[in-house]
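K.L.:
Okay, sequence plus prediction incoming.
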Amino acid sequence: MPAASEPGVPALPHTWRPVGVRVVGIALGLALVVICAAAWFTFDAETRARFTFLQRATLVGIGVLAFGVMHALTRSRVVATRERLVVVNGYRRRELEWAQVVGVHLPAGAPWVTLDLADGSTLPAMGIQGSDGGSARRAARQLRALVDAPPAPPAPPA
């Protein structure tokens, strides 16, 4: 029986993304912008004039760095297709053939899913975060079912 027809196995392609991390990243990003803007505009003109160009550039640079870190965390995902499994952790993307993945683990208290690979190494899959609770456990079960019975690649066109 094909994996896609088994209960609990999602239709492919399927993407898993962390919910909690995305909500917190967006909320903290907006809060940071609002607080910094409010603080800047509550300064009187004399205080604002004391900031040098280098100090302003440093503050903007720190803001850009904070945005970059939040963006990296919120873009993490795991994508299952018939041909492969794509794991995006921050700004790093890794494409794996189904045969390369031999295990899927999400132990209690783990921050994210860990994939066991055929070469003996492991790969964190930050797209399924343990902090998402039941949905993370369900996603790990779905991914494990796909690894145990990999989907057949599509037939070539005739």
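P.N.:
Looks like it arrived, so ask away.
K.L.:
contacts, neighbours, all on C-alpha from now
P.N.:
Fine.
K.L.:
Would it be right to say that residue 8 lies in a strand?
P.N.:
No. According to DSSP: H, G, I helix; E, B strand; the rest coil, residue 8 belongs to no strand; its state is coil.
K.L.:
And for it, the neighbour number?
P.N.:
When neighbours are counted by other Cα atoms under 10 Å, residue 8 registers 15.
K.L.:
residue at max distance from the center of the chain?
P.N.:
In the chain, the greatest distance from the average C-alpha position (Cα atoms, centre = their mean) is reached by residue 46, at 43.7 Å.
K.L.:
and the gap between it and residue 38?
P.N.:
Distance of residue 46 to residue 38, computed by Cα to Cα, to the nearest Å: 16 Å.
K.L.:
confidence score at the residue farthest from the centre of the chain?
P.N.:
With respect to pLDDT, residue 46 scores 94.
K.L.:
does it sit in a helix or strand, and which one?
P.N.:
Under the criterion of DSSP states H and E, residue 46 resides in helix 45-50.
K.L.:
Output the contacting helices and strands for the lengthiest helix in the chain.
P.N.:
When the chain is scanned for its longest helix (criterion: DSSP state H), the result is helix 19-42. Packing partners of helix 19-42 (3 or more Cα pairs under 8 Å, 6 or more residues apart in numbering; DSSP states H and E): helix 53-74.
K.L.:
Pull out the buried residues from the helix it packs on.
P.N.:
Using 16 or more other Cα atoms under 10 Å as the burial criterion, the residues of helix 53-74 that qualify are 67, 70, 71, 72, 73, 74.
K.L.:
and stretch 101-115, average pLDDT?
P.N.:
Mean per-residue pLDDT for stretch 101-115: 96.
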